[in-house]
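Participant: just a sequence and a predicted model for now, questions to come.
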Amino acid sequence: MAISRKPLDVDNYSALDGGNGTAVPGYYRRTNLNDIINNFMVAYVGDDKILNKVPRYEVAFWAQKAVQEFSYDVFHSEKAIEIQLSSLRQMSLPSDYVNYVRLSYTDKSGVERTILPSGTTHANQGVAQDENYHYLYDQDGNVIYAQESETIQRWQNADSHVDTEEALNYYSGYYDFDDFGYYGRRYGSTPQFQNANGSFVLDLDAGQIYFDSVIPQNTYVTLRYISDGLGNNGDFDNVFVPKMAEDAVMSNILYNLSKIRTRASAASGLYKQEAAAKMRNAKIRLSNMKVQEMTNIFRNKAKWIKH
């Protein structure tokens, strides 16, 4: 069933969902996956249509696959979450996490400072051992792993590479002409050791991000990440697709269903070309390039270099 919408007026400049009438700002720019599946069933499935008999659950399967693939390359489904670090200085990955875009912490001015991955330490899974250093096993004969990695603990508790006031003054552009101790210190150095914003270690197996001692407790950390677009526990009403890409998603579903059916397989090549073309169009539509922003970039490149 399609979502019912109330006409926009001065008092209600938001679309309403069909359940409880809650205002959802910006809803009209997208449609949910349930609507796409229902519209596909009406347009393509039936006795006199391209697909004769296709169960709804199969359409839903390929619709989810389409949303996943489009989220990576077309929708650019980038999400952001902000948390305040506890004394453990670690962060749990979201359930719909695929890959990170950027990690940063917020300074006193509200500016996001980029946190870079550590190049000296990696996530390790510690094995539980007895007093004789033998591995410990459970009743099924599987190795028991320690809850925490000693390597990560030592790395988190180690002193920062950049933690003295003189060094921080140097990085901020301050020069003390009476003390030349820090002059030339960065020449030929490894960038990760000159990073005053701290670093992190990503442990995908544990689903955690660990931060070093540069980032203290109570710091606000923001994770920007790529989502698979389906992190709503199978609730298709809360899985959204931009309207500019709705037709491309339906074409992708049609191609994947037609190529595995005898009746429609003869035209699957045509459907494949159509799906690829509509995907390209969706990428162009969602590229979000603005004339004013491009103008500013070109103006910045045209500045004179003065000596």
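Facilitator: Okay, I see it.
Participant: what sits up against stretch 149-161?
Facilitator: Stretch 149-161 is contacted by residues 89, 118, 120-121, 123-126, 193-195, 198, 201, 203, 210-214 when judged by Cβ atoms under 8 Å, 6 or more residues apart in numbering. Bear in mind the C-beta positions are built from the backbone N, C-alpha and C, glycine included.
Participant: can you do 10 Å?
Facilitator: For stretch 149-161, contacts defined as Cβ atoms under 10 Å, 6 or more residues apart in numbering pick out 88-90, 118, 120-126, 167, 189-190, 192-196, 198-199, 201, 203, 206, 208, 210-215.
Participant: so Gln139: helix, strand or coil?
Facilitator: Per DSSP: H, G, I helix; E, B strand; the rest coil, the local secondary structure of Gln139 is coil.
Participant: and it, backbone torsions?
Facilitator: Per-residue torsions, Gln139: phi -70, psi -20 (degrees, to the nearest 10).
Participant: just checking, which of the contacts of stretch 149-161 belong to strands?
Facilitator: 90, 199, 201, 203, 208, 210-211 (DSSP state E).
Participant: elements contacting the helix or strand harbouring Glu82?
Facilitator: Per DSSP states H and E: Glu82 is located in strand 78-84. If contacts are counted by 3 or more Cβ pairs under 10 Å, 6 or more residues apart in numbering; DSSP states H and E, strand 78-84 sits against strand 90-92, strand 97-106, strand 220-227.
Participant: just to revisit the earlier point, narrow the contacts of stretch 149-161 to just the buried residues.
Facilitator: By neighbour count, with 16 or more other Cβ atoms under 10 Å, these hold 89-90, 118, 121, 123, 167, 195, 198-199, 201, 203, 206, 208, 210-212, 214-215 as buried.
Participant: one step back: taking the ones in strands among the contacts of stretch 149-161, tell me the two that lie furthest apart.
Facilitator: Ser199 and Gln208 (14.8 Å; Cβ to Cβ).
Participant: the residue lying closest to Tyr220 once chain neighbours are set aside pairs with what?
Facilitator: Distances taken as Cβ to Cβ, 6 or more residues apart in numbering place Thr106 nearest to Tyr220, at 4.4 Å, with adjacent residues excluded. Counting by DSSP bridges, Thr106 is bridged to Glu112.
Participant: same thing with the one 10 residues further on?
Facilitator: Counting by DSSP bridges, Leu116 is bridged to Ser199.
Participant: what is the burial count for it?
Facilitator: 14 (other Cβ atoms under 10 Å).
Participant: over to Asp138?
Facilitator: 9.
Participant: just the one 3 residues further on next, same as before
Facilitator: Residues lying near Gly141 (other Cβ under 10 Å) number 6.
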